[in-house]
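Trainee: Need the 3D shape of this:
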Amino acid sequence: MIAKPMMHKTSIDLNLETLKKCMPEQLQTQSVTAALLALGSNYQAEHYLSRVREDLAALGEIQLSTAFENPDFTSTEAQPKPDYTNQCVYLLLTVPISLQQLQQIFKDLEGECHRQRLTEAQTPIKKVTMDIDILLIRTALNKNSLSNKMSSKQIISEWLIMADRYPFKAHEEVGVEELISTKL
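Mentor: Residues are numbered from 1 along each chain as shown. A predicted model of the protein is given here:
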């Protein structure tokens, strides 16, 4: 799958240590213009990652990190589990939408990949066809400004870390840093 090239590269300086961390529940109605995502699959990963990348590209422009194969951190010698293929994605949305809508879209995409959310009691070895996690979002706020007796709207943009995902797992941090280094 070849991602749509980024048409408007903007130099950004994302210092993960200084960005505001917010719980997703606090941001449900926020207008999201871009997101950094973590994709993961431990079952037919090449097929499902390719499918989701196409679906994400339909929402806007995407940029991909390197895909990594990682062992399941819950795997043991007594209970081996399949490795995951993980990849981070920068998604610049064509149309801003609320975080709640974005989360629902991703849940729907996981469902279209036949994602089943089973508890450990139901099965000790889970086949995860697709997992889409939102790591960071860029919000857009319209701010009214009065200057020179003229009213104008100013768009203020801010990157926020999803506090429930931070600190990032090692593969997520590597993917995010790779995408940041390309000067999204």
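Trainee: Show me what the closest residue to Thr182 other than its chain neighbours bridges to in the sheet.
Mentor: The spatially closest residue to Thr182, leaving aside those adjacent along the chain, is Gln63, at 6.7 Å (Cβ to Cβ, 6 or more residues apart in numbering). No exception for glycine: its C-beta is placed from N, CA and C like everyone else's. As for beta bridges, Gln63 partners with Tyr90 under DSSP bridges.
Trainee: Please apply the same query to Asp131.
Mentor: Gly40.
Trainee: For it, grab the count of nearby residues.
Mentor: By other Cβ atoms under 10 Å, 20 other residues sit near Asp131.
Trainee: One more: Pro80?
Mentor: Pro80: 11 neighbours (other Cβ under 10 Å).
Trainee: With Leu99 instead?
Mentor: 23.
Trainee: Same question for Lys126.
Mentor: Neighbourhood size, Lys126 [other Cβ under 10 Å]: 20.
Trainee: for Arg115, same thing?
Mentor: Neighbours of Arg115 using other Cβ under 10 Å come to 20.
Trainee: Same question for Cys88.
Mentor: Counted with other Cβ under 10 Å, residues neighbouring Cys88 total 28.
Trainee: Now the helix or strand hosting it: buried residues?
Mentor: Applying DSSP states H and E as the criterion places Cys88 in strand 84-98. Using 16 or more other Cβ atoms under 10 Å as the test for burial, strand 84-98 gives Tyr84, Thr85, Asn86, Gln87, Cys88, Val89, Tyr90, Leu91, Leu92, Leu93, Pro96, Ile97.
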